[in-house]
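>>> Need coordinates for the following:
(chains A and B)
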Amino acid sequence: MGACALLIYYMVDINWQIALADSLISNGLLALGCIILSNMLGYYQPKRERILFIFLLATILTLIGIFSAKYALNYLFVNEKTYQIFLNFSLPFRGILAFLCLSWCALANILWYRLEEQSESQGRLLAAQNLAKEAELNKLRHQLQPHFLFNSLNSVYALTIVNPTEAGTMITKLAAFLRGTLKRDDEVWVSVAEEMEYIQLYLDIEKVRFSHRLNIDVHIEEDTMGLCLPGTLLQPIVENAIKFGLYNTSAAITITIRVKLENRVLVVCVANPYDPEMKTSKGTGFGLSAIRRRLYLLFADSNLLQTESKNDNLYITTLKIPQKDDKNNSN
Amino acid sequence: MIRTILIDDEALARDVVKHYLKSYPEIEIVAECSDGFEGLKAITLHKPDFIFLDIQMPKISGFEMLELVDKHPAVIFTTAFDEYAIKAFEVNAVDYLLKPIEKSRFDQAMQKLPSKLAKDETANELLETAALSPTQNNRIVVKNGGVIKIIPVGALNYLEADDDYVKLSTTEGNFHKNKTMSFFEQTLDPNQFIRIHRSYIINLAEVTKIELKEKDSYVVLLKSGIWLPVSKTGYVKLKAALGL
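Presented below is the predicted three-dimensional model:
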C-alpha cells in the first residue's frame, strides 16, 4: 500500500496526503473484495462448468470496488482538479489490476479447497477400505469358528482310536458342514430344507462331541420347506443356543428348533435351557447383537430377532424372515 | 505310581489322553471329570501328583478352577483354541498341549513331567498364567465355605486389603480371595475400578460423593452408604477417572 502511494506521489504531481488516501481506499476496497470472495467460495464451490461465474463475480466486485473508490475520492478531494483528472484517466487501469487481483485470489482459493477436499475424500476412502478389510477378516474368522473346528478335529481323532467307522462318518459330516459354511453369503438365500440340512450337520457334529449330553428336537412344518431365508442367520443362532445351553453346563440338555409359517412370515424358534447363575457381568447380551445388526442391514427392521427368557430357565430366540415372492423365485 | 486326573468336558478328548497314557504304566488315572466343579472336588479328594486340564469348560474355566485349589498339583493344559491362553502359556513356559494332540508332543510333555513333579511347580506361576487370560476379567470365582460363587465384576462395590487376602464387598455380601491388591489393580478394568488408597479399590459406578475431610484428606461415599478414605495419589486418580 505504501509502495502504491509512493508510486502515485512520484509519478503524478500531487501532494502526499492525497496519494496516501487514494492508495488506502483503493487497496482497502480491493482487500475487502478478496475477503468476500474467499468467504463465498468457502461456502459454495462452483463446479467445473461454472468457472465463468467466478469471473463474473470478480468483475462485479471489481466494478463495485473501483466506483466506490472513485466516488469516495472524488468526494474527499473535490477541489483537486489535477488529481481528479488523473483519477478518471487511471480508472480503466485500476479496474484491470483489481480484476486480475480478484480473479487470481478466487482461483487460488478454489485450488486450495479442491486439494483439501481431495485429501479428505482420500482419507475417507482409506478408512472405508480398512473397515471393509476388517469386516471381511471378522467374517472369515467367524465362519471358520476355530474353537469348534479344532475341537471337532480332536473328536474325530479320538474316534479314529475308539471307533474308526464313526470317525469316517464324522469326517464326511465335518467336510459337508465346512463346504456349506464357505458357500454362505448374506446375499444368497437358501431354502428352508437346505438350511435345516446344514443346521442338522452342525448339530450332528456337536452331538458326537457331547454324545449323551445333547438332545435335539427339531420340528419343521411341511408348508415351510419351500420357503427361503438368508443362509447366514440361523447357524449363529443355533451356535449361540449350544454355547449357552450346552457349553455352560455339564448336565444333559435339549435344544428345540421349530420352523413354521405365520402370516406369510417364516418363523424359526430356537430354545435352549440356560443357567441363570452363569450370566457374566456382560448381562443379557448372549451374543446376538451381530445377528440383529445383519438383519437390520438386510431388511431395515430391527424387530425380526426377538429373545425371551422363561421362568423355567429356557431361553427362546425367535427369528422372523419376511417372505418376498421375488426372492423366492430368484433362488 | 504317579497319580493323575483328567479334566475335560468332552469324553472323546479324555479318551485320547487315556489312550496315550496306556504306554505309561507308571501313571494311574484316579479320576475323570467333565467340569471344573467336579475337578475341584476330585483334586481335594485324591490329591493327584499332576492333572490334565482343559481351559474352556462348563461353569468355571480351567484357570478359575486352579485359583480355587489350595494345594496345586502339576498341570498339563490341553486346549483346542484359545489365543489368549496360548499367549499366557508361552509367557510363563507352562506346559500345554494343543488339540488334536500329537503323540510325539504328548511324549515330550510327559518326559518333562518328572522334573516338574520334583520341582513342585509353584502355584504362582500357574496363577499368573491364569490371570493373563482375559476370560478372567469380567468375573471372579470365590470359594465360600463349601460353596463356589461366581461374582461378575459389575457386582463389586469395593475391594479392601485384609491381611493375606482381599475382601470383596458386593451387594450379596463379602467374600475373601487369596490375592493381592496389586493383582486386582492390574487385572480389573482401570476405567471402572480405581485404587483410591493403599487398602481400597472402588467401583467407580458406586461413587455418590467425594468430600474434603481435613486439609488435603478426602473421603468418598459409596451407594451402599460406606465412607472410605482417599489417599493423596488416590484422589488424583479418582479425579482423573471422573474427568474433573
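
>>> any idea of the pLDDT on whichever residue of chain B sits closest to chain A?
Per C-beta to the nearest C-beta, B:Pro152 is where chain B lies closest to chain A, at 3.3 Å. For glycine as for every other residue, the C-beta is placed from the backbone atoms N, C-alpha and C. B:Pro152 carries a pLDDT value of 86.

>>> thought it was touching B:Arg139?
Yes: with contact defined as C-beta atoms under 8 Å, B:Pro152 counts as touching B:Arg139 (5.1 Å).

>>> Spatially central residue in chain A, please.
A:Ala128 (7.0 Å; C-alpha atoms, centre = their mean).

>>> what about stretch B:100-117, average pLDDT?
The model assigns stretch B:100-117 a mean pLDDT of 88.

>>> Give the buried residues for it.
The neighbour-count check on stretch B:100-117 (16 or more other C-beta atoms under 10 Å in any protein chain shown) flags B:100-101, B:106, B:109-110, B:113, B:116 as buried.

>>> hmm, back to that, between B:Pro152 and B:Arg139, point out the one with more neighbours.
B:Arg139 (20 against 15; other C-beta atoms under 10 Å in any protein chain shown).

>>> Next, work out how far apart the more buried one and B:Leu168 are.
11 Å (C-beta to C-beta, to the nearest Å).

>>> intersection of neighbour lists for those two?
B:Ile151 (C-beta atoms under 8 Å, 6 or more residues apart in numbering or on different chains).

>>> OK, contacts around A:Thr318?
Counting by C-beta under 8 Å, 6+ apart, A:Thr318 has contacts A:267-270, A:305-308.

>>> Skipping its backbone neighbours, what lies nearest B:Val69 in space?
Distances taken as C-beta to C-beta, 6 or more residues apart in numbering or on different chains place B:Ile43 nearest to B:Val69, at 5.6 Å, with adjacent residues excluded.

>>> what's the weakest-modelled helix or strand in the chain?
By default, I'm working from chain A. Sorted by mean pLDDT, DSSP states H and E, the helices and strands of chain A end with helix A:325-330, the least confident at a mean of 48.

>>> ah, no, chain B please
For chain B, counting by mean pLDDT, DSSP H and E, that's helix B:123-131 with a mean of 67.

>>> ok, then the element right after that helix?
strand B:139-144 (DSSP states H and E).

>>> any residues touching that following strand, and which ones?
Residues contacting strand B:139-144 (C-beta under 8 Å, 6+ apart): A:280-281, B:60, B:64, B:67-68, B:148-153, B:156, B:168, B:175-177.

>>> need the residues of chain B near chain A, please.
Residues of chain B lying close to chain A (C-beta under 8 Å from any C-beta of the partner chain) are B:9-13, B:15-16, B:19, B:34-35, B:37-38, B:56, B:58-59, B:80-82, B:98-101, B:138-139, B:150, B:152-155.

>>> among the residues you listed, which are in helices?
B:11-13, B:15-16, B:19, B:37-38 (DSSP state H).

>>> Correct me if wrong: A:Ile205 contacts A:Ser152.
Yes: in this structure, A:Ile205 is within contact of A:Ser152 by C-beta under 8 Å, at 5.5 Å.

>>> So for the two, which sits in the more crowded spot?
A:Ser152 (26 against 21).

>>> The more buried one sits in which helix or strand?
Per DSSP H and E: helix A:146-162 holds A:Ser152.

>>> May I see the buried residues of that helix?
A:148-160.

>>> could you measure A:Ser250 against B:Gln192, distance?
31 Å.

>>> quick one: which of these two has more around it?
For the pair A:Ser250 and B:Gln192, the greater number of neighbours falls to A:Ser250 (19 against 15), based on other C-beta under 10 Å.

>>> Got phi/psi on the residue nearest to that one when sequence neighbours are not counted?
Excluding the flanking residues, the one nearest A:Ser250 by C-beta to C-beta, 6+ apart is B:Asp35, at 4.2 Å. The phi/psi pair for B:Asp35 (degrees, to the nearest 10) reads phi -160, psi 180.

>>> likewise B:Ile55?
Torsion angles, degrees, to the nearest 10, at B:Ile55: phi -90, psi -60.

>>> just A:Trp112 next, same as before
Dihedral angles (degrees, to the nearest 10) for A:Trp112: phi -60, psi -50.

>>> how close does the residue located most distally from the centre of chain B get to B:Lys232?
Computed with C-alpha atoms, centre = their mean, the maximum C-alpha offset from the centroid of chain B is found at B:Lys215, amounting to 40.3 Å. Separation of B:Lys215 from B:Lys232 (C-beta to C-beta): 11 Å.

>>> the strands in the stretch 101-250 of chain A, which residues?
In the stretch 101-250 of chain A, the strands defined using DSSP state E, counting those that start in this stretch lie at A:189-191, A:214-220, A:228-230.

>>> ok, back up a step: in a markdown table, list the ones in helices among the residues of chain B next to chain A along with distance to B:Ile29 and neighbour count.
Formatted as a markdown table, these follow (distance: C-beta to C-beta, whole Å; neighbours: other C-beta atoms under 10 Å in any protein chain shown):
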| residue | distance to B:Ile29 | neighbour count |
| --- | --- | --- |
| B:Ala11 | 14 | 18 |
| B:Leu12 | 16 | 24 |
| B:Ala13 | 14 | 24 |
| B:Asp15 | 12 | 21 |
| B:Val16 | 13 | 27 |
| B:His19 | 11 | 15 |
| B:Phe37 | 19 | 17 |
| B:Glu38 | 14 | 20 |
